[in-house]
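S.K.: Dropping the sequence and predicted coords here.
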Amino acid sequence: MSFFRITLMRSGIGLTKRTQGVLKALGLRHRMTTVFYPVTSEVAGQIMKVKELIDVQEVDKPLTRAELKAERRPEPGFYLEKPAPR
């Protein structure tokens with residue numbers, strides 16, 4: 001079973017109540033919030049209503065909160081791209 005990974009990229013402030021209601025129904029309250037929903041026609045219709053505000057990917061399984069947080073964490077350490085001139 002596949003899932004939609006929906007991330008709110010732009011805020012719904014200043015938009016119509018109907019658009020804000022769709023975002024609320026999807027569970028998207030803050031920017032950069034990610035939710036997972038099974039692929040259904042109902043969810044696809046909601047996505048089409050707010051397609052300018054969100055980023056959608058189709059994934060095989062939903063991630064837990066800990067997995068999402070680990071995905072955002074940068075790798076430890078640092079890299080030197082080129083040596084500093086002396």
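M.R.: Arrived safely, thanks for sending.
S.K.: From Leu53, how far out is Gly14?
M.R.: Gly14 sits 11 Å away from Leu53, taking CB to CB, to the nearest Å as the criterion. In short, each C-beta sits where N, CA and C put it, glycine included.
S.K.: repeat for Gln46
M.R.: Summarising the geometry, the distance separating Gln46 from Leu53, computed by CB to CB, is 12 Å.
S.K.: Just the helices from this protein, written as ranges.
M.R.: For the chain, applying DSSP state H gives helices covering 17-26, 41-49, 65-72.
S.K.: Contacts for the longest one, please.
M.R.: The list of residues contacting helix 17-26 from outside it, by CB atoms under 8 Å, 6 or more residues apart in numbering, reads 6, 8, 12, 29, 35, 37, 43, 46-47, 49-50, 53.
S.K.: Gly14 and Leu53: who's more crowded?
M.R.: The residue with more neighbours, out of Gly14 and Leu53, is Leu53; 18 against 7, by other CB atoms under 10 Å.
S.K.: Export the lowest-mean-pLDDT helix or strand in the chain to CSV, keeping only CA atoms.
M.R.: Of all the helices and strands that make up the chain, helix 65-72 has the lowest average by mean pLDDT, DSSP states H and E, namely a mean of 92. What follows is helix 65-72 as a C-alpha-only set of coordinates in CSV (Å, rounded to 0.1, in the frame of the first residue of the first chain):
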residue,chain,number,x,y,z
ARG,A,65,8.2,11.1,14.1
ALA,A,66,11.7,9.9,15.2
GLU,A,67,12.5,8.8,11.6
LEU,A,68,11.4,12.2,10.3
LYS,A,69,13.6,14.0,12.8
ALA,A,70,16.6,11.7,12.0
GLU,A,71,16.1,12.5,8.3
ARG,A,72,16.4,16.2,8.9
